[in-house]
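Undergrad: Next one to model:
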Amino acid sequence: MGFLAPWFLAGLAALGLPVYVHLLRKQTTVPRPVSSLMFFEQGTQSSIRHRRLRYWLLFALRTLLLLLLVLAFAQPFFRHKTVLASDKLLLVAVDDSFSMNAKDGGTLRLDEAKRQALDLLAHKPGGQKAQVIALGGQMRVLTQPVADTRVLRAAVEGITPGEGHGSFGELGRGMRAMAETVHTPMELDLFSDMQESNMPGNFADMVMPGNVSLVLHHIGSGAAPNWTVESVQAPGQLVDTKKARVIAVVAGHGTPAASRTVSLVVNGKVLATKKVDIPADGRATVAFDGLDVPYGESRCSVRLDGGDAFPGDDAENFAVKRADPERVLFVHQSSDNRSPLYFGTGLGAAAQASFVLQTITPEQATEIDPTKYAFVVLSDVPAVPSVLENVLIRNVEAGGSVLVAEGMSAAHREHVPVFGGAVGDGHFYARGAGGAGYVTAGPMDSSHPALKDANGWQGVKFFYASAVDPGSARVAARLADGTPLLMDRQMGEGHVLLFASGFDNATNDLPLNPAFVAFVDEVSRYLAGAERMGGPRAVDSYVQLRNPVNVAAASKTSVDVIAPDGSRPLSLKEAATAQSFQLSRAGFYQVRFANGRDALLAVNADPRESDLRPMADDTLKLWAGATAQPETPATEQDQQQAQQGGSHLWWWIMLLAAITAVAETAVASGYLGTEREAI
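TA: Residues are numbered from 1 along each chain as shown. The predicted structure follows:
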C-alpha cells in the first residue's frame, strides 16, 4: 500500500481535537437564585469528575471521521503486479493440413513448423502454462494447460502429416468457444503456411476474441509452383469396359507452361499413358477411352509425373465396380405397352447398359422376390396385390428401392401403393378452359441425385398429374402451379421415389424429350445404390452408414468400415449404432452399410490444398492486429522486476467518511438531548 500525497498525513495531528472537546472543555454551571446562603456550608468541589472522558461512541466517531478525511487527501492506493507475458496462457497451434506436406528446400513445411514450435516452448518461462493445438480439417486440442515442457514437446513431436483441408474459420470458432471458459489473457502462436484457400468466406469467422493475442509464424517460401490432378470423372459401375471413359483435369498453380505425362493406373498397374500440355497457371483435360478392369471392385487412379515440391497431390483415386447387368423389375398394366417401351429404351441408352429390364403385370408379380432386383418400378398400376405391396415394403425397409409412376390410375385409388400418401383429385391440364392445355415444370432441387440434369426439364409439357400429399417426404420437383411432381420418401434403409405423372406420352411428353434418358439414368443409379460408390470423396467428408430415422431397426445389423491402412476404426458398439463415419484419410475405404450393401469408396485430399498461394501481407496484418510480431519471452529477471500497478482507494474512503459523518450527527444529537434533560 502507498500514498500519492503523503504530506497530507500531517493532518493526523488534528486527532487531538476530539480529545480536547471531550476532556479539556470548560465545565460551566448555570447560576440559580436563592434567598439566603446562611444554611449553606462552605466547601471545595473537585474538578476531576469533569475531566473524565465521556461519550465514548461519539469520541470514536469523531476521531474516525478526521482519520478518514486525512487518508482521503493523502490518496492511498493498493499495489499489485501487472500481467506479464509469462502470466498468459500460451497456445501453440501447428497447421498439419495437407499443404504442409509440401517441401521448401528439401524440408517438409510441417517439420519446419514443428521445429519453430519446439524452439518457442524452449524459451517460455518455466512457470507459464501452455497448450498444444493441431489445426487440420478440425481444431484438435492435444494437451491440457500445463507448465511441463516435456509434455508439451512430446505433443508437438507427435503431430503427423495430415490430409485434411485447413480452415482458419474453424480456428476462430474454436478460440471463441475456448474464451467462454478461459477468461485470462491468451497468446495464440500459429505456425502455418498461411494458405489463402484456408480463409473462410466471411472474414469475421476468423477474428479472435478480445482476450486472445494472435502471433503468426509464416512457414514456407510462398507460392511454390505446383501441378496437380484436380478432378477425375469415371463410372462407378460399368458392364462394358470398352464404352467406359475416364476424364481427368490437370491444373497448374503458379506454374509456367509445361508438358506433363498422365497415367491411368488400375490395381497398381499402368494401363495407359498420355502427354498433356498445360498452359501457364491453367488447366488441361485428358481422356482415356476404355477401362479394362476385372470383375469386382478395382482401385484406380490417374497419376501425374513428378517435377514439383508437392508430389502428394499428383494422383487422384477413384473406384470402379465391374459386374453383369442388374435386373430391374417393371410392373405395368397389360394394356400399357408404351411405358415399358420408353423406360426400357431410356435404360438401355443410359447407364452404359448396366441394367436389364424385366416387365410383368401385377397378377404375375405375386411370387416375385424383389431382393433379386436392383429396384422395382410400379408404372400406372391401378391396384397392387396386398401380398406384393407388403413384400415391397419389407424390402424397402431392408434397403431396397421402389419407383412409383402414378399415371392416370391414381384416380381409381385413395392411397399410393408402398409410398402411402393420400391421393386427391388429379389435375387434367389438357381439359383446362381457355388455357394452354398443359403445364410446365417448376422449381427443381438439382441437389437431389435424380435431378442432376434439371435444366433439361424446362421444355417438358405435362398434361396430367395426380395430387399426392407428400407428408414428410422430400419434394425434389414441382410443376409450375406448385403441384408436387417428384417425391422421395425414406423408409427404413431404402427409398420410395414417386413420380406424380406417367412414363407414357399421354400424361406428358417427357419420354420424347432428351432429358428423359438422363432422368432414367440418374434415377436408376440412385435407386440401385450406385450413388454411394459414384465419384471420389474428399478427406474429412462423411458417409451415411444407416438411416438416422430408423436407428432402432438398423441397429440390429452391424456396419463395417475398413480404413486404407487395413484397420477397423469402429468399435463393436459403434458398428451397431453409428449413423455416419468421417473419412479422415486419403485412400480406399471398404464399407458395408446397414442395408447389407458393400461399397469401395475412393477418398482424396481437398483440391484446394494444392494451391499454395499464401494470404496477402495486408490481410495477415489485419488478422493479427497489433500483435503480429512475436513477443520476446519474459525472463526470471523480468518477473522479479515486474512493474507495479495500483488501485486507488480514495473513493471508498470518502464514502466511508460520509457514512461516519451521518452516524456522528445522529449520536451527537442523542447525547445533547440527554444532557438537557439532566439540567
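Undergrad: Can you tell me the closest non-neighbouring residue to the most centrally placed residue in the chain?
TA: Centroid check for the chain by Cα atoms, centre = their mean gives Glu170 as the closest residue, at 7.1 Å. Leaving out its chain neighbours, the residue that sits closest to Glu170 by Cβ to Cβ, 6 or more residues apart in numbering is Met139, at 5.3 Å. Yep, even glycine has a C-beta here, placed from its N, CA and C like the rest.
Undergrad: residues in contact with that neighbour?
TA: Ala93, Ile133, Glu170, Leu171, Arg173, Gly174 (Cβ atoms under 8 Å, 6 or more residues apart in numbering).
Undergrad: Tell me how far it lies from Met178.
TA: 9 Å (Cβ to Cβ, to the nearest Å).
Undergrad: What are the boundaries of the helices in this structure?
TA: 16-23, 56-74, 109-122, 149-157, 168-179, 338-349, 386-397, 515-527, 551-554, 572-577, 617-624, 636-640, 650-678 (DSSP state H).
Undergrad: Compile the ones you listed into JSON lines and extend it with columns for distance to Val265 and mean pLDDT.
TA: JSON lines is the format used below for the helices of the chain (distance: least, Cβ to Cβ, whole Å; pLDDT from 0 to 100):
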{"stretch": "helix 16-23", "distance to Val265": "102", "mean pLDDT": "68"}
{"stretch": "helix 56-74", "distance to Val265": "86", "mean pLDDT": "78"}
{"stretch": "helix 109-122", "distance to Val265": "27", "mean pLDDT": "95"}
{"stretch": "helix 149-157", "distance to Val265": "35", "mean pLDDT": "95"}
{"stretch": "helix 168-179", "distance to Val265": "34", "mean pLDDT": "92"}
{"stretch": "helix 338-349", "distance to Val265": "30", "mean pLDDT": "90"}
{"stretch": "helix 386-397", "distance to Val265": "38", "mean pLDDT": "89"}
{"stretch": "helix 515-527", "distance to Val265": "25", "mean pLDDT": "89"}
{"stretch": "helix 551-554", "distance to Val265": "36", "mean pLDDT": "49"}
{"stretch": "helix 572-577", "distance to Val265": "32", "mean pLDDT": "89"}
{"stretch": "helix 617-624", "distance to Val265": "39", "mean pLDDT": "91"}
{"stretch": "helix 636-640", "distance to Val265": "59", "mean pLDDT": "45"}
{"stretch": "helix 650-678", "distance to Val265": "79", "mean pLDDT": "74"}
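Undergrad: between those helices, which gets nearest to Met100?
TA: Taking Cβ to Cβ as the criterion, helix 109-122 is the member of the helices of the chain that comes nearest to Met100, at 4.1 Å.
Undergrad: quick check: angle from that closest one to helix 149-157?
TA: Counting by axes from the mean of the first three to the mean of the last three Cα atoms, to 10 degrees, helix 109-122 lies at 170 degrees to helix 149-157.
Undergrad: So Ser501 is in contact with Lys461, correct?
TA: No: Ser501 lies out of contact with Lys461 (Cβ atoms under 8 Å); the separation is 10.6 Å.
Undergrad: Quick check: neighbours shared by those two?
TA: Asn508.
Undergrad: Compare these two and say which is more crowded by neighbours.
TA: Taking other Cβ atoms under 10 Å, Ser501 and Lys461 do not tie; Ser501 has more neighbours (27 against 17).
Undergrad: so what's that one up against?
TA: Ser501 touches Ala405, Glu406, Gly407, Phe462, Tyr464, Ala465, Ser466, Leu485, Thr507, Asn508, Leu510, counting by Cβ under 8 Å, 6+ apart.
Undergrad: neighbours around the closest residue to the third one other than its chain neighbours, how many?
TA: So the one you mean is Gly407. Of all residues not flanking Gly407 in the chain, Asp380 sits nearest, at 2.8 Å (Cβ to Cβ, 6+ apart). Using other Cβ under 10 Å, Asp380 has 24 neighbouring residues.
Undergrad: swap in Thr371?
TA: That count, for Thr371 with other Cβ under 10 Å as the rule, works out to 12.
Undergrad: Repeat that for Tyr429.
TA: The burial count for Tyr429: 23, using other Cβ under 10 Å.
Undergrad: do Ala436 as well
TA: Neighbours of Ala436 under the rule other Cβ under 10 Å: 10.
Undergrad: Next: Val212.
TA: 21.
Undergrad: circling back: redo the contacts of Ser501 as TSV? Include pLDDT.
TA: Output for the contacts of Ser501, formatted as TSV (pLDDT from 0 to 100):
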residue	pLDDT
Ala405	93
Glu406	89
Gly407	87
Phe462	92
Tyr464	90
Ala465	90
Ser466	89
Leu485	93
Thr507	90
Asn508	92
Leu510	91
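Undergrad: Now compare those and name the two farthest from each other.
TA: Ser466 and Leu510 (15.0 Å).
Undergrad: sorry, back to before: so can I have CSV of the contacts of Met139 showing distance to Arg546?
TA: Listed next are the contacts of Met139 as CSV, based on distance: Cβ to Cβ, whole Å:
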residue, distance to Arg546
Ala93, 36
Ile133, 33
Glu170, 27
Leu171, 32
Arg173, 29
Gly174, 30
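Undergrad: What subset of those is buried?
TA: Ala93, Ile133, Glu170, Leu171, Gly174 (16 or more other Cβ atoms under 10 Å).
Undergrad: Let me know whether the fourth one touches Asp95 as I believe.
TA: No: taking contact to mean Cβ under 8 Å, the distance of 9.1 Å between Leu171 and Asp95 leaves them out of contact.
Undergrad: okay, and the common contacts of those two?
TA: With Cβ under 8 Å, 6+ apart, Leu171 and Asp95 have common neighbours Leu135, Leu190.
Undergrad: For the stretch 301-450 of the chain, which segments count as strands?
TA: Under the criterion DSSP state E, counting those that start in this stretch, the stretch 301-450 of the chain contains strands at 315-322, 326-332, 355-360, 375-379, 401-405, 427-428, 439-444.
Undergrad: Verify the contact between Val475 and Met487 for me.
TA: Yes: Val475 is within contact range of Met487, at 5.5 Å (criterion: Cβ under 8 Å).
Undergrad: Who has more neighbours out of these two?
TA: Met487 (24 against 18).
Undergrad: which residues touch that one?
TA: By Cβ under 8 Å, 6+ apart, the residues touching Met487 are Phe419, Gly421, Val468, Pro470, Ala473, Arg474, Val475, Ala476, Leu497, Leu498, Ala500.
Undergrad: so how many other residues sit close to Leu17?
TA: 12.
Undergrad: ah, wrong one, I meant Ala287
TA: Neighbouring residues of Ala287 were enumerated by other Cβ under 10 Å; the total is 10.
Undergrad: So what pairs up with the residue nearest to it when sequence neighbours are not counted in the strands?
TA: Nearest non-adjacent residue to Ala287, counting by Cβ to Cβ, 6+ apart: Ile247, 5.0 Å away. Per DSSP bridges, the residues bridged to Ile247 are Gln233, Ala287.
Undergrad: Which pLDDT value goes with Ile247?
TA: pLDDT, Ile247: 94.
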